[in-house]
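S.K.: Here is my input; please provide its structure:
(2 chains)
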Amino acid sequence: MPAHEQSNPWAPLTPSQLEQRKIVSVNPETVSHTAATDIPGHWGPAQDDSWNLSRFRDSLKVDFHHNKPHDAAFSLVGVDASIANAFRRILLAEIPTLAIEDVFVFDNTSIIQDEVLAHRLGLIPLTGGQEGLKWLKWFRKPPPKDDFAAQAAWEAEEGEDSAASVPSDYNTIVLTLNVTCRWATKAEDGRDGKALAKDGESDPNVRYVNSNVYAKDLVFEPQGQQEKYFNEEEGNQIRPVNPDILIAKLRPGQRIHVRCHCIKGIGADHAKFSPVATASYRLLPQINITQPILGADAKKFARCFPKGVIGLEPSPDNDSDELQAVVKDPMKDTVSRECLRHAEFKDKVKLGRVRDHFIFSVESTGQFGSSELMLDSVRLLRAKAERFNRHLTELEEGR
Amino acid sequence: MAQDSDDREMEDAAPGAEANESTNGDIIKEKQRLRLLPGSTDTAASFAFEKEDHTLGNALRYMIMKNPEVEFCGYSIPHPSEAVMNLRIQTFDNVSVFEVLRKGLTDLTDLCDVVEDKFTAARDEFDAAHPDGEKA
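M.R.: Residues are numbered from 1 along each chain as shown, chains lettered A, B, ... in the order given. As a prediction, this is how the structure comes out:
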């Protein structure tokens, strides 16, 4: 690394050294320089790497690539991996979301078992008025009666909080599913299912009525104050994001009649409560062509990368009219290291990734908007830090 | 009749008592989730954060390491089945570990504020310039 070749190894880093320490090297079979070295003291006393809010504010950049309602891609430049990862982990596991939790089965004569049906219902993503979803309080579910340890801990903790473990209009949403399958009749449906079946018709949609139970058959029943927040005229009612999700198939005489209670939960408890499908980031790839790659080699080099990453341009200083390979758009690169497999140019190129440039992709399941989810994630990390600040004060007072 | 109403006169509360009083004066009592592990001194201490994991642990470790007065900072999760995260801080000279932890938490809060502001500004700018959500 250049620092040791310098005349004074304790001087502050030069701009090229600062650029160099931002790169993670991608080698044919290994990845090196993965750890961040921007810690005070690592590069000597003259290099100031301590936390500086205004320096951070100046160097932080957010660039959006696209911002569709439930799919956002943006670059977050200038943060450390631990912070970007914290945002990603919170997006996946700690943002409160509404989902079906308890299913009360009145009648299930379908072929799908109660528990399988309940599991499928829980995984259906729901959406509704944003303001109402934020207003909804937490429901503290009592542990099962046969788990004696948890039950004892629960009873010890009760007291003032007992209201939170009673289902009420401010912590539970009620959805009902009531579907019965029957043969199609001339009188009600305009076709005689039984007769058509005798003639050879095998399509269940023609033979029967309600043979497929879809998510759109879930009926929202607003309780108490919920009518104010989730009202149908404004389109705020609780409804499935994808109405065409097939829940179960029925045949004549079979019936599903269940009442579902939806509560707020987090992804860490059950994946159905995760608001994203999924949230991920990758680091910006970097392709550094150290010696010119010309002519046929340049064409082969361009084919080692996805389209648009490498462009061929006439070389400026070389007098031959061969085309030279030039890096056009590293963001499109998938870092397959294919170019390192060919002897012609494997020593003329250095691959790497920029350590502090995170290209986030946040896909929402539909309950919240993607960019709003990212903001919630940042606010939640802030709330965690503030909460522990209060706990620290309490700890110090107790000493 | 008016005299037979069910109203009762409220007596004044005993002096010194206060409705909803808790140790911090908060109406909602927050359970203390930060403990000091035994063997800790004023300049070298280990903290246990309950119900926390790498999300806060790694981020806080980074912010504390950015403090030049910190000699050592590391976090660990003793067992994945228990939701506990231990954080150890050792400082140079006579710097208090509690001050360092407080500074780390405050710096993390400031960082989140800056990220939130810049993200909101960038998102609003992008939405204004690209109404259908895609770059040209």
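S.K.: Let me know the average pLDDT across the longest strand belonging to chain A.
M.R.: Taking DSSP state E as the criterion, chain A has its longest strand at strand A:349-364. Regarding strand A:349-364, the rounded mean pLDDT is 97.
S.K.: Just give the number of residues close to A:Ser124.
M.R.: One correction, residue A:124 is Ile, not Ser. 21 (other CB atoms under 10 Å in any protein chain shown). Backbone N, C-alpha and C define where each C-beta goes, glycine included.
S.K.: Hmm, I typed the wrong one, I wanted A:Asp146.
M.R.: When neighbours are defined as other CB under 10 Å, A:Asp146 has 7 of them.
S.K.: measure it to chain B for me?
M.R.: Separation of A:Asp146 from chain B (CB to the nearest CB, to the nearest Å): 21 Å.
S.K.: Run through the helices of the stretch 51-200 of chain A in chain order.
M.R.: Secondary structure of the stretch 51-200 of chain A, counting by DSSP state H, counting those that start in this stretch: helices at A:53-59, A:81-93, A:114-122, A:130-135, A:148-157, A:186-189, A:193-198.
S.K.: For the residue nearest to the spatial centre of chain B, what is the enclosing helix or strand?
M.R.: Among the residues of chain B, the one closest to the centroid is B:Leu105, at 6.9 Å (CA atoms, centre = their mean). Assigned by DSSP states H and E, B:Leu105 falls within helix B:97-129.
S.K.: Report the buried residues of that helix.
M.R.: Using 16 or more other CB atoms under 10 Å in any protein chain shown as the burial criterion, the residues of helix B:97-129 that qualify are B:97-98, B:100-105, B:107-112, B:114-116, B:118-119, B:122-123, B:126.
S.K.: which strands and helices sit next to that helix?
M.R.: Packing partners of helix B:97-129 (3 or more CB pairs under 8 Å, 6 or more residues apart in numbering or on different chains; DSSP states H and E): helix A:53-59, strand A:61-68, strand A:71-77, helix A:370-398, strand B:44-50, helix B:54-65, strand B:84-91.
S.K.: wait, does the longest strand of chain A make contact with chain B?
M.R.: No: applying CB under 8 Å from any CB of the partner chain, one finds strand A:349-364 separated from chain B by no less than 10.2 Å.
S.K.: In that strand, which residues are buried?
M.R.: Here strand A:349-364 shows A:349, A:351-364 as buried, counting by 16+ other CB under 10 Å.
S.K.: returning to that earlier point: starting at the chain centroid, how far to the helix holding B:Leu105?
M.R.: 15 Å (CA atoms, centre = their mean, to the nearest Å).
S.K.: tell me the angle of that helix relative to strand A:61-68?
M.R.: Going by axes from the mean of the first three to the mean of the last three CA atoms, to 10 degrees, helix B:97-129 is angled at 50 degrees with respect to strand A:61-68.
S.K.: what about helix B:97-129, average pLDDT?
M.R.: The average pLDDT for helix B:97-129 rounds to 96.
S.K.: Measure how it sits relative to strand B:44-50, angle-wise.
M.R.: If you take the same axes, to 10 degrees, helix B:97-129 sits at 50 degrees to strand B:44-50.
S.K.: just checking, A:Thr290 touches A:Leu351?
M.R.: No: A:Thr290 is beyond contact range of A:Leu351, at 11.2 Å (criterion: CB atoms under 8 Å).
S.K.: got the contact list for A:Asp217?
M.R.: Counting by CB atoms under 8 Å, 6 or more residues apart in numbering or on different chains, A:Asp217 touches A:177-179, A:247.
S.K.: What subset of these is buried?
M.R.: Among those, those scoring as buried are A:177, A:179, A:247 (criterion: 16+ other CB under 10 Å).
S.K.: Write down the beta-bridge partners of A:Asp71, one by one.
M.R.: Under DSSP bridges, the beta-bridge partners of A:Asp71 are A:Lys68, A:Glu363.
S.K.: After the helix or strand where A:Ala302 lies, which helix or strand is next?
M.R.: For A:Ala302, the host element (DSSP H and E) is helix A:295-303. Note on helix A:295-303: by DSSP H and E, the next helix or strand toward the C-terminus is strand A:310-314.
S.K.: buried residues in that following strand?
M.R.: In strand A:310-314, counting by 16+ other CB under 10 Å, buried: A:310, A:312.
S.K.: And the contacts of the helix or strand following it?
M.R.: Under the assignment DSSP H and E, the closest C-terminal helix or strand after strand A:310-314 is strand A:323-327. Strand A:323-327 has contacts (CB under 8 Å, 6+ apart) with A:287, A:289, A:292-295, A:297-299, A:301-302, A:309-315, A:318.
S.K.: can we see that at 10 Å?
M.R.: Residues outside strand A:323-327 that contact it (CB atoms under 10 Å, 6 or more residues apart in numbering or on different chains): A:285-289, A:292-302, A:304-305, A:309-318, A:333, A:339, A:345, A:348-349.
S.K.: Buried subset of those, written for PyMOL?
M.R.: Command for PyMOL, covering only those of these found buried under the criterion 16+ other CB under 10 Å:
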select buried, chain A and resi 285+286+287+289+292+293+294+297+298+301+302+304+305+309+310+312+315+333+339+345+348+349
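S.K.: Neighbours of residue 48, how many?
M.R.: Chain wasn't specified; assuming chain A. A:Asp48 has 12 nearby residues by other CB under 10 Å.
S.K.: Hmm, no, I was thinking of chain B.
M.R.: B:Ala48: 15 surrounding residues under other CB under 10 Å.
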